[in-house]
Structure formats: structure tokens, C-alpha cells
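Asks: kindly return the folded structure for what I paste below:
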Amino acid sequence: MRTLALLATLLIAAPLAADGPRNVVLLIADDLGMQVGCYGDKVTKTPNIDALAVGGTRFSNGFASVSSCSPSRATLLTGLPTHQCGQYGLAHATHNAHTFRDVHSVPRLLKQAGYRTGVIAKLHVQPPEVYPWDSEVAANGRNGVAVAAAAKKFIQESGDKPFFLLVGFTDPHRAKIGFDSAKSFKGVPQITFEPKDVPIPYHLSDTPEVRADLTDYYGSIARLDFGVGAVVQAIQDAKKADDTLIIFLSDNGIPFPGAKTTLYDSGVHLPLIVHSPSAKSRGVVNRAMVSWTDIAPTILDWTGVKRAPAMAGKSLLPILDQEDAKDRDTVYGSHQFHEITMYYPMRMVRTRTHKLIRNLAHPLPYPFASDIYNSPSWQGVLQRNDNMLGKRSRDAYEHRPKEELFDLAKDPDELNNVAADRAYASLLKELRGKLLEWQTATKDPWLVKEKYE
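Replies: Residues are numbered from 1 along each chain as shown. Model prediction:
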């Protein structure tokens, strides 16, 4: 694998030919939070992801609209929040959630426009008629060598035809209970970490189980980074970098209690890097508030394919050379299920300074994803009967009020709910109005118009 400096240099592509092909490669990490070097993590080893940022635009305020694998991926590919596209929960096994069959997804629209479409490793959405692919490769999403080889083959077989390729890495998702970071693949380096060195997120307590769990997680992130670099190298080797839009992001937050499946920032504030050959600036850090509902419009804008009317997001292409976009100051969130047993509908509106979460089934206890419940981190909490999850009480995590309002400037960890504070009454009313307007516009089946006290 090439060094960070050399790979970053290679990523600075020549200007895109006006009449050339417009290819897209979407790289999706699985359960990656902000544990990335270019996002400030001092311990993680992500030189290839960092190089992608050096050659492109890194968004510091990128937000998934749901912190759950299938719903988030459906949002990325349809430009619709999960309650609007119908992918309410996980697509696989007994959970079996489906996107509505009349939805016009990115692969569907691009295929109709003459693109060759392909997915390597994890897809995790259905049904096939909504997400049609010319090529589906069931590669091991943890093996960067195999994934890159499949990417190289797909690009070669596409010939002169424009293509859309989704690479669904499996890392750093848990494998059963752990992350399998010690599992070896030929040609894939193993990078290890020390438990004493890993930083502890605010929503986790500093215990031996958590440190061991995070150490394994960081190893899985390093393996993901190798895979990202290998795929980017395959694009370079195929001489397609000058006409290919590369997007790197994660589907949802870190798979630990307090993050994944929640609408707290630990679950939805995620990495987003966009490398466009047509961008004039490199290494840009953009502070605009952007949503995963903006990804589908961005891809369609790049390819020149007409977007579906229901898509409410905005293309990111016009702001890739900018450090901000003041008109992009609000994002929204929507959650119904993760696993089918985990019913807990929530809605969120987040501005640059405040967040409102509405827990639509607040009398219910907050449910746990099976991979989080079975993790060493949570099992340690149960064995000791701990009262705290990091800075948040266990009771506050498991039992939510109807509304949670956070002043993020004063409380970035979202620990102090000020919904009942009269000093925030005007702001609460404003955010309720924004949320109501958005739910109405997106035809939210969970919309309940209420009188507030």
C-alpha cells in the first residue's frame, strides 16, 4: 500500500473532461464513528481515509438520518428518510424489512440511464426490483485484498460504459460478539492497539471490558482503512480517477451502548469525505450541516441523471470548494426499528446549536440491539449492575422522556435535557414547528399533531 503522501498526491486528479464518463464509487463503512485520524482521533490508524480527505472535501458536520444499518443504507440510496422510503428496519433474516417497491433508488435510476451498476460485499437493503444491480459480488467485506480485486474486475468489465459501484465494507461491525480484528487475510496487515491507549467515549465507562472491546474495534478500523486504500488504488490503476466521484462515509455510529441505534450525535454524527475530480480545491474542510439524504442527489447531480421528485436533499457538488454553506443549517432524523423486536420510533431536528428528539413511544423502555446487548461492554454493566454509562445514567438511557432538548453549545454530550426549562420555551416551540413541517412534507406515518403544554 502506498504512503499517505503519495496516495494523496495521486488523488489530485486532472480536470474532468466535459464529455467524459461520470463514474461513482460509494464506499460505506459499517458502524464507524468518528474514530478517524482526519477527524481528530489521535490513536486510530487511518492513513488511507485521511489521504482521501487530503485530496477531497471533508465534511465536519455530516449526519446520518438514522443510526441503523439497513435504514441508513436505504436513505443513502433513495434520498428519503426511512419512514418515507419504507425501510423501517433491518433487511436480513427474521427482520425482513423492505423498501417500498415504487421507490426510485439511485441504482434503479442509473441503470435506466444506461449505467452499469454493481455492489461488492454488504448491501443490506431490499427488494431487488428497487435496488437492481448488474453485478453483485459476495466478497468478504473485511478482506481488503479480495474487495479491491472485485472492484478492479468490475471496473474492467464495465469497459467504456459509465458505472456506479457500491463497496460495502463489513468492518468495523461486530462479528458475532467481537470484531475479529485478529483474523488474518493474506496481504492484509494486522495492526494492534493497547487497551491503555484507546480513548473512552463519553457514553462509555472506563472499565476493563470496555477498553478490551474498544481495542478490538480500533483494530477493525485499521483493517477497514487498508480496504479503502486498496479500492482507491484499484481506481487509480484502472485510470478512472479523473472521471470518478468517490464518496466515503459510515452508515451509523459506533456499535456500543449510547451510540448505534440512537439519535444522539454519537450515533448519527459521522465521517463524510467526497472526492470529485471537478472540484478546484483540495483538503477542504466544510462545516455545512449535511445529511445522508443529500448523498443520492449528489450522485445524480454528478451523473446528470434526473432525480426522483420526492428527494428533498440537496447535492453537495456546489459546495465542495467551500468551507461552509450558511443556508445548510438543519438536519433531521427518523428511526422506527433496528431489529424487528426493537420498536422505538423517534424523530429529530438538529441545528448547529441545538437538538430536539421526540420519543414517540416514550413509555416503552429503550431497546438494545442484540450485538450491543451481547457485547463485552454491556455484559460488564449487567454483571456489576452499574448505574452509569459513562457520563449518562443508565436509567436516563433506558427510560426516555417524551422530548429531549439539548443546548449543544453548552452541552455537547447531550446530557442535560432542557425541554422543561422555561428559558428555552421559545426555542422549543420553533424546533417543534420545524419537525412538524418536515414530518408533514415527508408524509410521516407516525405524524401526530398534538397540543403542547
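Asks: what's the neighbour count on Pro318?
Replies: 11 (other CB atoms under 10 Å). Every residue, glycine included, has its C-beta placed from N, CA and C.
Asks: got the phi/psi numbers for it?
Replies: Backbone torsions of Pro318, given as degrees, to the nearest 10, read phi -70, psi -10.
Asks: and the gap between it and Lys326?
Replies: 13 Å (CB to CB, to the nearest Å).
Asks: can you give me how far stretch 410-419 is from the chain middle?
Replies: How far stretch 410-419 lies from its chain's middle: 23 Å, per CA atoms, centre = their mean, to the nearest Å.
Asks: quote the end-to-end distance of that stretch.
Replies: Terminal residues of stretch 410-419 lie 14 Å apart, using CA to CA, to the nearest Å.
Asks: just stretch 197-206 next, same as before
Replies: Span of stretch 197-206 from end to end, CA to CA: 12 Å.
Asks: what about Lys410, neighbour count?
Replies: 10.
Asks: where does it fall, secondary structure wise?
Replies: Per DSSP states H and E: Lys410 is located in neither a helix nor a strand.
Asks: distance of it from Asp329?
Replies: According to CB to CB, Lys410 stands 18 Å off from Asp329.
Asks: could you look up the SS state of Val228?
Replies: helix (DSSP: H, G, I helix; E, B strand; the rest coil).
Asks: that one reaches Leu27, doesn't it?
Replies: Yes: in this structure, Val228 is within contact of Leu27 by CB atoms under 8 Å, at 6.0 Å.
Asks: now for those two: what residues contact both?
Replies: 169, 248 (CB atoms under 8 Å, 6 or more residues apart in numbering).
Asks: strands of the stretch 301-450 of the chain, residue ranges please.
Replies: 330-335, 346-351, 354-359, 388-389, 392-393, 403-407 (DSSP state E, counting those that start in this stretch).
Asks: with the stretch 101-250 of the chain instead?
Replies: Applying DSSP E, counting those that start in this stretch to the stretch 101-250 of the chain gives strands spanning 116-121, 135-137, 163-168, 244-250.
Asks: quick one: average confidence on the longest one?
Replies: The pLDDT scores in strand 244-250 average 98.
Asks: now the angle between strand 163-168 and it, please.
Replies: Between strand 244-250 and strand 163-168, the angle comes out at 20 degrees (axes from the mean of the first three to the mean of the last three CA atoms, to 10 degrees).
Asks: pull up the pairing partners for strand 244-250, direction included.
Replies: As defined by DSSP bridges, the strand partners of strand 244-250 come to strand 23-29 (parallel), strand 269-275 (antiparallel).
Asks: mean pLDDT and distance to Val137 for those - can I get that in CSV?
Replies: Shown next, in CSV, are those (pLDDT from 0 to 100; distance: least, CB to CB, whole Å):
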stretch, mean pLDDT, distance to Val137
strand 23-29, 98, 14
strand 269-275, 98, 23
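Asks: could you dump those to TSV with mean neighbour count?
Replies: Conversion of the strands paired with strand 244-250 to TSV gives the following (neighbours: other CB atoms under 10 Å):
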stretch	mean neighbour count
strand 23-29	25
strand 269-275	25
